[in-house]
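> Quick one: sequence and predicted model below, then my questions.
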Amino acid sequence: MKNLPVLSINQFEQQESLVNFYSNDLSIHLKKNAKIVHKPHSHDFYLCVCFAAGEGTHEIDFNSYNIAKGSVFFLRPGQTHRWHFSSPAKGFIFFHTADFFHFQFTNTNLSQFPFYFSLENTPKLQLDDFQLNNVVKHFDVINKEYYGQLAFKKQKLASLINLTYIDLSRYYTANVSKKDVASSSYLSILNALEREIELHYKTEKTVKFYADALNITTKHLNRVTRATINKTTSEFILDRVILEAKRLIVHSNNSLSLTAEVLGYFDYAHFSKLFKTKVGITAIAFKKKHTY
């Protein structure tokens, strides 16, 4: 099987004045890009898609989510996904690079939005009819602005997606009890931890390494992960390792032993046992299950 394609924004038809942003009517987007978007792939940009109609399944990092009217999905760079539709999909889609957003909002980070904050947070939001009507209006305005030729286009698009993300964040967090929301300091530490794990998970697996990097004790770091995601820090680190293992096992031509070595495990038997314990099936069985 060929390596998983990583799509860039410049692979999609764009307005000449914009190189870091793309928007389209969803049905048009799917038709124009049918050769590349229906097979498993990942992106080097942020993606947000809103379904006004249609049914099917959306597989993101090997987790399946139902697609229905009112479904909104958020993908961060590097996440793998594929979708299958059982009825025609309608709605809107847009994507952008981190630079496109951060250039306009230097004091705001995309990770402030709950759906981009952590891979632990679900990438799906299900809207009711009232919420969907509001969100579709946002997407429609974005799409019209994208295809228009008015002054300050880039600035307005950045402002529009920021407002859209704000409303979506309000809907996303509406059902979260205040007592279940961790303190801002804990969330800040978790966000910093996830960034450190992303940089070092292939070579560093110990809690002490990450605690030292964040200048806190291992006890406090475990307290933070327990309070925010109900996992130990070791479990959180291992989850990232296993996710990458799944991606490599299914979407690369690496042998299983080479995959283990890439992830820092030079004893394949140990890696194999770890994978089966965590996933429930062997690496070979997982590869067969997800080979399309």
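Alright, I've got the coordinates.
> Would you agree residue 99 is in contact with residue 19?
No. Counting by CB atoms under 8 Å, residue 99 sits too far from residue 19 to count as a contact (10.0 Å). Every residue, glycine included, has its C-beta placed from N, CA and C.
> And residue 286, how close does it get to residue 39?
19 Å (CB to CB, to the nearest Å).
> which of the two has more neighbours?
residue 286 (19 against 12; other CB atoms under 10 Å).
> In three-state terms, how would the more buried one be classified?
Under DSSP: H, G, I helix; E, B strand; the rest coil, residue 286 falls in the helix class.
> which residues touch it?
246, 249-250, 275, 279 (CB atoms under 8 Å, 6 or more residues apart in numbering).
> now these in JSON lines, with distance to residue 112?
Output for the contacts of residue 286, formatted as JSON lines (distance: CB to CB, whole Å):
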{"residue": "246", "distance to residue 112": "28"}
{"residue": "249", "distance to residue 112": "33"}
{"residue": "250", "distance to residue 112": "32"}
{"residue": "275", "distance to residue 112": "34"}
{"residue": "279", "distance to residue 112": "32"}
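> who wins for most neighbours among the residues you listed?
residue 275 (25 neighbours).
> That residue sits in which helix or strand?
Assigning secondary structure by DSSP states H and E places residue 275 in helix 268-279.
> Could you list the buried residues of that helix?
By neighbour count with 16 or more other CB atoms under 10 Å, helix 268-279 contains the buried residues 268, 271-272, 274-275, 279.
> and if you look at stretch 151-161?
153, 156-158, 160-161.
> Can you add pLDDT and give those back as a markdown table?
What follows is these, written out as a markdown table (pLDDT from 0 to 100):
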| residue | pLDDT |
| --- | --- |
| 153 | 92 |
| 156 | 96 |
| 157 | 96 |
| 158 | 95 |
| 160 | 98 |
| 161 | 97 |
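> and these, which of them are in helices?
Among those, DSSP state H puts 153, 156-158, 160-161 in helices.
> No further questions, thank you.
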